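Chemist: Provided below are the primary sequence and the corresponding predicted coordinates.
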Amino acid sequence: MPLALRTPRLLLRPWRDADVDAFAAMFDDPAVMAFLLPAKDRAAIEAIVGRVRAHFEQHGYGWWAAELRETGAFIGFVGLSHIPFEAHFTPAVEVGWRLASAHWGKGYATEGARAALQAAFTQLGLDQIVSITVPANQRSWRVMERIGMTHDPGDDFDHPRVPDGNPMKRHVLYRIDRARWEEMSERH
Ligand SMILES: CC(C)(COP(=O)(O)OP(=O)(O)OC[C@H]1O[C@@H](n2cnc3c(N)ncnc32)[C@H](O)[C@@H]1OP(=O)(O)O)[C@@H](O)C(=O)NCCC(=O)NCCS
């Protein structure tokens, strides 16, 4: 049974076929795509969802579809995923997020990410979680900081799947380990 998570405002659950249209619409929003590589076509978007579902089958968790509990609307994803490339910090599990821009500025990514970290360090027994983004994606690294992740500039790296010369090649790495998460959880 794949894991689903409930927060005060969100249901984080496995994907349904009906989510794919709303997810595909996010690829047409320049605000959402500002720091992401584009998808070639609808088939490429469906392939991403296929990989997300395969990750759930293999590990029992993944990029959960984020649903607003109040309305049942799909608003994007928040989740945990194995980093699919080799780098100095892999193997590693990443916490990540992508929301439709109409739902930014409400704390949903932070709320979902906190639940994902809790699942990672309790039910899933993981010892460390990472998160990556480009330095210009301030909205994303601010979520990392809000949930207690820390950044060591010595960890910054060139993303092997971003073409050389692309301005999104350089990435920052944030981390949180179980000890820091436990310390933070005790304080709240
Ligand atoms: C990255 C992304 C998920 C961040 O979304 P976000 O809405 O800025 O982040 P949060 O959900 O944590 O919300 C924080 C904002 O909500 C506000 N907020 C309102 N209510 C809040 C609450 N109850 N709790 C926390 N924050 C709240 C905060 O003050 C903050 O506002 P600010 O943007 O004015 O500083 C979103 O910008 C996105 O989907 N971007 C495109 C995809 C992407 O780049 N993904 C990351 C790839 S690495």
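Modeler: Now that the structure is in, tell me what you want to look at.

Chemist: So what's the gap between the one helix or strand A120 maps to and the chain middle?
Modeler: Per DSSP states H and E, A120 falls inside helix 108-121. Computed by Cα atoms, centre = their mean, to the nearest Å, the chain-centroid distance of helix 108-121 equals 10 Å.

Chemist: That one and the ligand in contact?
Modeler: Yes. Against the ligand, helix 108-121 shows contacts by Cβ under 6 Å from any ligand atom at 108-110. Every residue, glycine included, has its C-beta placed from N, CA and C.

Chemist: show me the contacts for the closest residue to R114 other than its chain neighbours.
Modeler: Spatial nearest neighbour of R114, chain neighbours left out: I147 (5.6 Å); criterion: Cβ to Cβ, 6 or more residues apart in numbering. Listed by Cβ atoms under 8 Å, 6 or more residues apart in numbering, the contact set of I147 reads 95, 110, 113-114, 117, 176.

Chemist: ok, now which ones touch Q128?
Modeler: 92-93, 175-178.

Chemist: and the helix or strand hosting A47, what's its mean pLDDT?
Modeler: Assessed by DSSP H and E, A47 sits inside helix 42-59. On average, the pLDDT along helix 42-59 is 97.

Chemist: Going forward, count from 708.
Modeler: Taking 708 as the first residue, the last one we looked at is helix 749-766.

Chemist: Among the contacts of Q835, the buried ones, what's the PyMOL command?
Modeler: Buried residues within these, by 16 or more other Cβ atoms under 10 Å, are selected in PyMOL with:
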select buried, resi 799+800+882+883+884+885
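
Chemist: Reformat the contacts of Q835 as a markdown table; add distance to G779, pLDDT and secondary structure.
Modeler: Compiled in a markdown table, these are given as follows (distance: Cβ to Cβ, whole Å; pLDDT from 0 to 100; DSSP: H, G, I helix; E, B strand; the rest coil):
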| residue | distance to G779 | pLDDT | secondary structure |
| --- | --- | --- | --- |
| A799 | 33 | 98 | coil |
| V800 | 28 | 98 | strand |
| R882 | 34 | 98 | strand |
| I883 | 31 | 98 | strand |
| D884 | 35 | 98 | strand |
| R885 | 34 | 97 | helix |
